[in-house]
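Participant: One predicted model, sequence on top.
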Amino acid sequence: MSNKTENVKTFINQIGKENQLFLFVGSNDTDSQSNSFETEIETWKYSDFSIKIGKDNIIPVVPNVKWTKKRTYTPWNAKTENYGNFYAYNDVNGYVYLCISDNKENREDLIGKNVSNNAPSHTIGDVTYDDGYTWKALYKITPSIEKFVTEQWIPVVSFDIFENLDKGSLFSQMQSFCSPSTTKQSGNCAIYFKENIKYLSHTGSTVNGVKGNLYEYFSMECHDCYNTFKDHPYFIADFTTETPSSTITIKDTYDLVGELIDQKKISIASPYFYLYQVNKNSPDEGYIVSAKIDLSGVDLENLAVTKSNPELTIYSNTGSGASIRLKTFNSTVNNKIYIYGIEVLSKGSGYKDISFTLDSASLTGSLTIEQLMAKIIINLDEIDGLGFDPMRVLNCKHSMIDVRVDRPTLETANLSIPTHINFYSLVQNPKMDSSFDTIAGATENKYLSTLYRTTVELTVTVPSSVVGSPILPDIDDVSQITTTDNTIIRNIQISKITAPTTPGGTGKFEIKGLEYDQASTLVGANIAANSVNYNVTSVSASPVFVQYTGKVLSSNKTTEIPIQDADTALIRINMVKGM
């Protein structure tokens with residue numbers, strides 16, 4: 001498996017747990033470039049708002065290889081890393097298919113010479129169509145994840161990133177783990193093996209850990225037990241005031257999904273409903289996916305055999321039940337029998353290794369058995385099955401974030417609504433403004449997307465000396481603030497105005513371009529705009545973040561995107577992050 005695929009899984013699985021992700025959205029008029037140090041700084045100074053990314057707004061993606069008539073597709077190969085058109089998305093029925101073969105003879109030397117004319121449309125297993133293509137149904141893109149389909153990308157799922165239906169925050173999960181607090185404050189923290197593993201104990205001895213068996217237990221506080229062993233790679237914890245059970249049942253993700261489907265807790269709107277069905281009804285794990293033969297450079301006379309369609313003799317230390325034969329034809333010219341292809345008669349199961357041979361008497365030309373066998377390629381099923389982990393099979397290296405914010409939501413949150421945006425940045429684990437190093441969003445539901453303030457809202461008054469209605473500054477007007485100690489803060493942008501319309505009147509300005517800790521010094525300051533000095537009477541709202549904390553994973557500068565003034569205005573940020 002590609003390390004990048006594993007990195008994507010880790011990235012996805014940690015969202016809302018170890019890592020909180022935020023999109024900072026805004027605009028400025030500098031000429032900084034994407035992913036530059038300057039743009040990272042501007043992220044914190046010129047954002048109009050920030051969105052905590054809920055887990056429902058991010059998913060692994062692979063290039064959108066749409067099935068198109070008269071296009072060639074390359075069969076999947078178990079021995080190499082696969083690229084390009086080795087799979088196809090049927091946008092009519094929503095299924096993604098793996099190309100197993102592109103010709104009925106299963107000839108390696110004919111790959112790329114036959115176009116696909118029949119759209120794969122089956123929903124289970126491997127099917128060969130009239131055009132010679134064999135396709136394997138992998139998974140279905142359901143309406144719940146269709147928002148991630150673009151011209152360039154399609155979403156991909158895997159049992160490895162499936163999570164249970166508990167959508168609470170880590171804090172609420174810990175409360176449930178330790179509830180009721182009156183009986184579970186302290187007691188026995190029992191840890192059980194997640195898998196069969198050999199493990200070094202604290203005494204220095206080697207332990208053969210059996211899946212579901214108790215390793216050991218010890219007295220500790222409940223919350224310490226939870227925090228120590230949550231998401232542990234080797235152990236799962238249980239907490240009790242009694243002597244713990246010696247064994248528990250550890251459900252594999254596949255079995256857990258099946259159980260949830262039976263309980264009607266996973267609906268047909270979920271892609272995992274179909275991923276489970278595809279796996280449940282596919283060939284047994286470890287089957288022979290395909291057999292191919294390369295006949296390039298071999299004279300026809302050297303492909304002569306003594307009997308029609310001879311079967312290979314298969315050897316394996318693991319699997320059984322497979323049957324593979326060479327495909328032959330009878331020449332009407334000389335009545336000889338010639339090899340022209342290969343086919344799998346029985347897929348078998350359990351294969352992790354395989355070797356094969358042919359009766360030496362079967363060949364009549366100068367080609368040896370060893371030379372012929374070297375031209376045969378057998379593709380074995382992946383560990384856990386090809387359909388178990390489409391991310392692995394499709395060589396997933398990217399994830400997509402898709403966030404949408406409408407005007408009413410921004411107004412309800414009392415946040416600035418920009419007239420346009422030209423940057424958006426992804427920040428991991430920014431901190432909250434408090435006396436403790438609190439990760440922003442850590443106490444929230446991991447599936448919940450939340451808006452956060454990144455501007456400073458000031459209450460201002462118009463000097464009574466102004467004659468008539470003041471000329472208000474423009475949105476995004478660059479101005480300066482003079483504080484009570486005559487410190488001048490320059491390059492300030494006004495992002496929202498609630499207009500003071502009369503001399504002595506009161507209004508509000510949304511300000512960006514500030515250092516966050518400058519906000520507390522602004523009471524009594526003057527904002528110079530359009531020859532009017534607006535007096536700041538109070539700071540009514542300020543960002544909750546500790547500025548410049550966390551890690552900027554990407555900072556994207558783009559062309560100016562206007563935001564419509566209608567009530568239905570929608571800001572949609574769609575970005576793809578590579579690993």
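Facilitator: The structure has been received and is ready for your questions. Numbering: from 1, shown residues only.

Participant: Now do the strands in the stretch 351-500 of the chain.
Facilitator: Using DSSP state E, counting those that start in this stretch, the strands found in the stretch 351-500 of the chain span residues 355-357, 376-380, 398-406, 420-428, 450-453, 456-461, 478-482, 488-498.

Participant: Tell me which of the ones you listed sits nearest to Ala525.
Facilitator: strand 478-482 (5.1 Å; CB to CB). From N, CA and C alone the C-beta is placed, and that goes for glycine too.

Participant: Put together TSV for the strands of the stretch 351-500 of the chain, with mean pLDDT on each row.
Facilitator: Below are the strands of the stretch 351-500 of the chain laid out as TSV (pLDDT from 0 to 100):
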stretch	mean pLDDT
strand 355-357	95
strand 376-380	95
strand 398-406	88
strand 420-428	89
strand 450-453	89
strand 456-461	88
strand 478-482	75
strand 488-498	78
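
Participant: quick one: the helices in the stretch 51-200 of the chain?
Facilitator: Using DSSP state H, counting those that start in this stretch, the helices found in the stretch 51-200 of the chain span residues 170-177.

Participant: where does it have low pLDDT?
Facilitator: 164-173, 180-183 (pLDDT under 70).

Participant: and the closest residue to Arg404 other than its chain neighbours, what pLDDT?
Facilitator: In space, and not counting its chain neighbours, Arg404 is closest to Arg572: 4.7 Å by CB to CB, 6 or more residues apart in numbering. Listed pLDDT for Arg572 reads 77.

Participant: Next: Asp29.
Facilitator: Listed pLDDT for Asp29 reads 80.

Participant: coming back round to it: and the residue nearest to Arg404, its phi and psi?
Facilitator: phi -120, psi 120 (degrees, to the nearest 10).

Participant: Now tell me what touches the lengthiest helix in the chain from outside.
Facilitator: Criterion DSSP state H: the longest helix present in the chain is helix 3-14. Helix 3-14 has contacts (CB atoms under 8 Å, 6 or more residues apart in numbering) with 19, 55, 58-60, 158, 160-161, 163, 391-392, 395-399, 577-579.

Participant: Please repeat the previous calculation with a cut-off of 6 Å.
Facilitator: With contact meaning CB atoms under 6 Å, 6 or more residues apart in numbering, helix 3-14 is reached by Pro60, Asp160, Ile161, Met391, Arg392, Cys396, Lys397, Ser399, Met579.

Participant: Ok, stretch 281-300 next?
Facilitator: Residues from elsewhere that reach stretch 281-300 (CB under 6 Å, 6+ apart): 100-101, 106, 108-109, 124-125, 319, 322, 324, 338, 342, 344, 347-351, 375-379, 381, 385, 387.

Participant: Can you name the residues that contact Leu345?
Facilitator: Ser323, Arg325.

Participant: related to what we said a few turns ago, and the next element down the chain from the longest helix of the chain?
Facilitator: Per DSSP states H and E, the first helix or strand lying C-terminal to helix 3-14 is strand 21-26.

Participant: gap between the next helix-or-strand element following that next one and the chain center?
Facilitator: As assigned by DSSP H and E, the chain's next helix or strand after strand 21-26 is helix 37-46. Distance of helix 37-46 from the chain centroid (CA atoms, centre = their mean, to the nearest Å) equals 26 Å.

Participant: Would you mind listing the buried residues in helix 37-46?
Facilitator: By neighbour count on 16 or more other CB atoms under 10 Å, the buried set for helix 37-46 is Thr39, Glu40, Glu42, Thr43, Trp44, Lys45, Tyr46.

Participant: ok so, going back, just the buried subset of the contacts of stretch 281-300, please.
Facilitator: In terms of neighbour count (16+ other CB under 10 Å), the buried residues within these are 100-101, 106, 108-109, 124, 319, 322, 324, 338, 342, 344, 347-349, 351, 375-379, 381, 385, 387.

Participant: Excluding its own residues, what touches stretch 387-395? List them.
Facilitator: 1-2, 5, 60, 62, 82, 87, 138-139, 156, 158-160, 278-279, 282, 386.

Participant: 7 Å instead?
Facilitator: The contact list for stretch 387-395 (CB atoms under 7 Å, 6 or more residues apart in numbering) reads 1-2, 5, 8-9, 60, 62, 81-82, 87, 96, 98, 138-139, 156-160, 254, 278-279, 282, 382, 386.

Participant: Please apply the same query to stretch 444-451.
Facilitator: With CB under 7 Å, 6+ apart, stretch 444-451 has contacts from 15-17, 49, 51-57, 167-169, 403, 409, 413, 415, 441.

Participant: For Glu195, find the nearest of the strands of the stretch 351-500 of the chain.
Facilitator: Set against Glu195 and scored by CB to CB, those come closest in strand 376-380, at 22.5 Å.

Participant: That closest one pairs with which strands, and in what direction?
Facilitator: Taking DSSP bridges as the criterion, strand 376-380 sits next to strand 288-293 (antiparallel) in its sheet.

Participant: I'd like the next helix or strand past the strand it pairs with.
Facilitator: Following strand 288-293 in sequence order, the next helix or strand is strand 304-305 (DSSP H and E).

Participant: Which strands border the following helix or strand past that next one, and is each parallel or antiparallel?
Facilitator: Following strand 304-305 in sequence order, the next helix or strand is strand 313-315 (DSSP H and E). Note on strand 313-315: by DSSP bridges, its sheet partners are strand 355-357 (antiparallel).

Participant: got the buried residues for the partner strand?
Facilitator: Residues of strand 355-357 classed as buried: Phe356 (neighbour count, 16+ other CB under 10 Å).

Participant: I'd say Ala269 and Ile145 touch.
Facilitator: No. Using CB atoms under 7 Å, Ala269 is not in contact with Ile145, being 9.5 Å away.

Participant: of the contacts of helix 3-14, closest to Asn302?
Facilitator: When these are compared for distance to Asn302 (CB to CB), Arg392 wins out at 38.9 Å.

Participant: Can you report how many residues neighbour that closest one?
Facilitator: Look at Arg392: counted by other CB atoms under 10 Å, it has 20 neighbours.

Participant: so what's Ile236 bridging to?
Facilitator: With DSSP bridges as the rule, Ile236 is bridged to Tyr192.

Participant: let me redo that: Asn330
Facilitator: Per DSSP bridges, the residues bridged to Asn330 are Ile337.

Participant: For burial, what's the neighbour tally of it?
Facilitator: Applying other CB under 10 Å, we find 10 other residues in the vicinity of Asn330.

Participant: for the one 3 residues further on, same thing?
Facilitator: The criterion is other CB under 10 Å. On that basis, Val333 has 5 neighbouring residues.

Participant: In three-state terms, label it for me.
Facilitator: What DSSP: H, G, I helix; E, B strand; the rest coil gives for Val333 is coil.

Participant: distance between the ends of stretch 301-312?
Facilitator: End-to-end distance for stretch 301-312: 20 Å, by CA to CA, to the nearest Å.

Participant: how far is that stretch from where the chain is centred?
Facilitator: Distance, centroid of stretch 301-312 to centroid of chain: 49 Å (CA atoms, centre = their mean).

Participant: What residues sit buried inside that stretch?
Facilitator: Neighbour counts using 16+ other CB under 10 Å place Asn302, Leu303, Ala304, Val305, Asn309, Pro310, Leu312 of stretch 301-312 among the buried residues.

Participant: Going by distance to Ser34, which of these wins?
Facilitator: For the buried residues of stretch 301-312, the nearest to Ser34 is Leu312 (54.9 Å; CB to CB).

Participant: dump the residue contacts of that closest one.
Facilitator: Ile324, Arg325, Phe356, Thr357, Leu358.
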